[in-house]
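S.K.: Let me see the structure of the following:
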Amino acid sequence: MTDIVRIPFHGTDLLAVEIDGRPHVVLRAAFEAIGLDADRQIAKVKSQPWASTAVTAVQVPGDDQTRNVVTADVRTFLMALATIPASRVAEHARPLLIAYQAEVADVIEAYWTRGGVINPRATGDQLDAIIGHAERQMRVLRLADGLVDRRWLEVKTRHTVARALGEEPEVPTEMRPLTTGEYLEERGVTGSDLRSIGSVFGKRLKAAFVTAHGEDPPAVERFIGGTTRRVAGYTEADRPLFDQVWEAWYAADYDPPMALMSA
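M.R.: Numbers count the residues shown, from 1 in each chain. Got it, this is the predicted structure:
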């Protein structure tokens, strides 16, 4: 029997267990937190050849009963999350899905291996290591001031400080990354349409950004298609420009007529 570990994560608890010294995510609780059909998602994960899942007997704090839950290692959980587009979940749950996709691996690693977040098993040496690591990161971030986009720098600094304090990073919604692919999927553009529209949409969005701000959008490095590429780094604060481009060039072809919406 294994004890459940609760890791605070964006106002929810990420449930995890330790199997052979490694963290494993309790899938049902994670999928339900995002607002997905847990049974369907678990079945999909278990059917994948790359998935590593197990049925684990756990003891939930405050519960006298032993329960069997389906768990997966962190790699499997991340691969499953990568297959879920933001458009598939309710609008209010999208920020949490994006947070899971972008941050959950780091949060689990900090909890399990460095005693962060804060892990009650953390020793004094582990806590000192967290602080030392954060201090080194902060020195690098100070050197980067003026060399990289200030919005990226602020988000990274917030994450570094929060981890050193064992807290959740507080990143305002308007500072969260927003990509053309994510936006178009929200609008219902998928498959071949997404591939054909994406590049032109990006060029029109860049032109709108330059018109609004008098300069190119900040460039950031992102892992795309198996390699690191330098791309425009938009955030939720730029969503009005996304909407502007959509309404000007694409809404008539993809948005349903008002008459149908009111029928």
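S.K.: Residue 86 - nearest residue in space that isn't next to it in sequence?
M.R.: residue 94 (4.8 Å; C-beta to C-beta, 6 or more residues apart in numbering). (Glycine included, C-beta is placed from N, CA and C.)
S.K.: do the same with residue 184
M.R.: Nearest one to residue 184, counting by C-beta to C-beta, 6+ apart, is residue 194 at 5.6 Å.
S.K.: how about the helix or strand where that neighbour lies: buried residues?
M.R.: Taking DSSP states H and E as the criterion, residue 194 maps to helix 191-213. Within helix 191-213, the residues that count as buried by 16 or more other C-beta atoms under 10 Å are 194, 197-198, 201-202, 204-206, 208-209.
S.K.: Same question for stretch 46-55.
M.R.: So, applying 16+ other C-beta under 10 Å, buried residues of stretch 46-55: 51-53.
S.K.: Closest to residue 88 out of those residues?
M.R.: Nearest to residue 88, judged by C-beta to C-beta, of those is residue 51 at 18.9 Å.
S.K.: Wait, that closest one touches residue 78, no?
M.R.: No. Counting by C-beta atoms under 8 Å, residue 78 is not a contact partner of residue 51; they are 11.3 Å apart.
S.K.: Check what pLDDT residue 155 gets.
M.R.: Per-residue pLDDT puts residue 155 at 66.
S.K.: Next, the contact list for residue 89, please.
M.R.: 34-36, 97 (C-beta atoms under 8 Å, 6 or more residues apart in numbering).
S.K.: returning to what we had before: who does the helix or strand where the residue nearest to residue 86 lies touch, helix- and strand-wise?
M.R.: For residue 94, the host element (DSSP H and E) is helix 94-113. Applying 3 or more C-beta pairs under 8 Å, 6 or more residues apart in numbering; DSSP states H and E, one finds that helix 94-113 contacts strand 5-9, strand 12-19, strand 22-26, helix 27-34, helix 74-82.
S.K.: Measure how the last one sits relative to helix 94-113, angle-wise.
M.R.: Here helix 74-82 runs at 170 degrees with respect to helix 94-113, directions being taken by axes from the mean of the first three to the mean of the last three C-alpha atoms, to 10 degrees.
S.K.: Would you mind pulling up the elements that helix 74-82 packs against?
M.R.: Partner elements for helix 74-82 (3+ C-beta pairs under 8 Å, 6+ apart): strand 22-26, helix 38-46, helix 94-113.
S.K.: buried set for stretch 101-111?
M.R.: So for stretch 101-111, counting by 16+ other C-beta under 10 Å, buried means 103-105, 107-108, 110-111.
S.K.: picking up where we left off before, need the least confident one among the helices and strands packed on helix 74-82, by mean pLDDT.
M.R.: helix 94-113 (a mean of 78).
S.K.: With just CA atoms, put that one into CSV.
M.R.: The C-alpha trace of helix 94-113 is given here as CSV (Å, rounded to 0.1, in the frame of the first residue of the first chain):
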residue,chain,number,x,y,z
ARG,A,94,-8.0,26.0,-20.4
PRO,A,95,-5.5,27.9,-18.2
LEU,A,96,-5.2,24.9,-16.0
LEU,A,97,-4.6,22.5,-18.9
ILE,A,98,-2.0,24.9,-20.3
ALA,A,99,-0.4,25.1,-16.8
TYR,A,100,-0.3,21.3,-16.6
GLN,A,101,1.3,21.0,-20.1
ALA,A,102,3.9,23.7,-19.4
GLU,A,103,4.7,23.3,-15.7
VAL,A,104,3.7,20.0,-14.1
ALA,A,105,7.0,18.2,-14.8
ASP,A,106,9.0,20.9,-13.1
VAL,A,107,6.6,21.0,-10.1
ILE,A,108,6.8,17.3,-9.6
GLU,A,109,10.6,17.3,-10.0
ALA,A,110,11.0,20.1,-7.5
TYR,A,111,8.8,18.2,-5.0
TRP,A,112,10.4,14.8,-5.4
THR,A,113,14.1,15.4,-6.1
